[in-house]
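[1] give me a 3D structure for the following:
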Amino acid sequence: MKKINIAIDGTSSTGKSTLAKQIANKLNYIYIDSGAMYRCVTLYAIQNNWLNTSRFDKEPLIGSLPNIHLKFALNEKTNDQTIFLNGVSVENEIRSMEVSNAVSRVAAVPEIRKAMVRLQHDFGKDKGVVMDGRDIGTVVFPNAELKLFLTCSAKVRAQRRYEEMQQKGISVSFDQVLSNIKSRDHLDSSRSDSPLIKASDALEINTENRSVDELLGQVLELISSKINS
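    Alright, predicted model coming up:
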């Protein structure tokens, strides 16, 4: 059967990852969480004391990019994709507020974006990939057969993220999460290198009052039409 690449963009917590995972499971495609890649680089910078709330030493991080090895693998216990940083699973560590508050700064560095985009291109060269992020339809997969751009209000997105973090045992207030969401929206859309914008040929979908099953059904119909065209 013909395979295609699917690009899903949008602001934080619009449901990109949830939808992308569902699509990948249904079609037996590879799911790539591009945001997790930038979070891994952020975690690496924090671990090496190059990044904190008051400073960001970009040069040593840029110089260490060849030493950062990322891999996605299936967690057999949860049936979810897990990302490994230099051979160590860091799926929980990269979801912390410390990483969340810093990742947009790291993602704005041109050298880091170029390194991640090269790796993302390699992931998608054989098709059959679902990738979500901020610039997938515009920069990473500009020729993707299907592009989606998800939207949702900041308060609803913050509530989703807050509940997710509570379930994982991460201590954080709703106001902290909302502030982080708004800050990331601004940084992601205003950065000079690959800002968050909707691709001209992307279908915009508001996820606010829609279930995952409803969204999945709509998208699977779109995919079917692309595969059979």
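
[2] for this structure, what spans make up the helices?
    16-27, 34-47, 58-63, 97-107, 110-124, 154-167, 174-190, 212-227 (DSSP state H).

[3] please work out which of those is packed deepest.
    With neighbours defined by mean count of other Cβ atoms under 10 Å, none of the helices of the chain is more surrounded on average than helix 34-47, at a mean of 22. For the C-beta atoms, the positions are set from N, CA and C on the backbone; glycine is no exception.

[4] and the angle for it with helix 110-124?
    140 degrees (axes from the mean of the first three to the mean of the last three Cα atoms, to 10 degrees).

[5] who touches helix 34-47?
    17, 51-52, 56-57, 61, 64-65, 68, 70, 83, 85, 90-91, 93-95, 98-100, 102-103, 106-107, 112, 116, 119-120, 131-134, 136, 140 (Cβ atoms under 8 Å, 6 or more residues apart in numbering).

[6] with just CA atoms, put it into CSV.
    C-alpha atoms of helix 34-47 as CSV (Å, rounded to 0.1, in the frame of the first residue of the first chain):
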residue,chain,number,x,y,z
SER,A,34,9.9,16.4,17.2
GLY,A,35,9.3,18.4,20.4
ALA,A,36,10.8,15.6,22.4
MET,A,37,14.0,15.9,20.4
TYR,A,38,14.3,19.6,21.4
ARG,A,39,13.4,18.7,25.0
CYS,A,40,16.3,16.2,25.0
VAL,A,41,18.8,18.8,23.9
THR,A,42,17.4,21.1,26.6
LEU,A,43,17.8,18.4,29.2
TYR,A,44,21.4,17.7,28.0
ALA,A,45,22.2,21.5,28.4
ILE,A,46,20.7,21.5,31.9
GLN,A,47,22.6,18.4,32.9
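
[7] relative to A102, how far out is K26?
    According to Cβ to Cβ, to the nearest Å, K26 and A102 sit 34 Å apart.

[8] quick one on the thing from earlier: for M1, which of the helices of the chain is the nearest?
    Across those, M1 has its closest neighbour in helix 212-227 (6.9 Å, Cβ to Cβ).

[9] N75: which of the helices of the chain is closest?
    Across the helices of the chain, closest to N75 is helix 16-27 (Cβ to Cβ), at 11.8 Å.

[10] what is that closest one packed up against?
    strand 5-10, strand 30-33, strand 80-85, strand 129-133, strand 146-151, helix 212-227 (3 or more Cβ pairs under 8 Å, 6 or more residues apart in numbering; DSSP states H and E).

[11] who touches the longest one?
    I take that to be helix 212-227. Contacts of helix 212-227 (Cβ under 8 Å, 6+ apart): 1-4, 6, 15, 18-19, 22-23, 26-27, 145-146, 148, 203, 205, 207.

[12] mind listing what the spatially closest residue to T14 that is not a sequence neighbour touches?
    Leaving out its chain neighbours, the residue that sits closest to T14 by Cβ to Cβ, 6 or more residues apart in numbering is L150, at 3.9 Å. By Cβ under 8 Å, 6+ apart, the contact set of L150 is I8, D9, G10, T11, T14, G15, K16, L19, E204, I205, N206, T207.

[13] same thing but 7 Å
    L150 is in contact with I8, G10, T14, G15, K16, I205, T207, counting by Cβ atoms under 7 Å, 6 or more residues apart in numbering.
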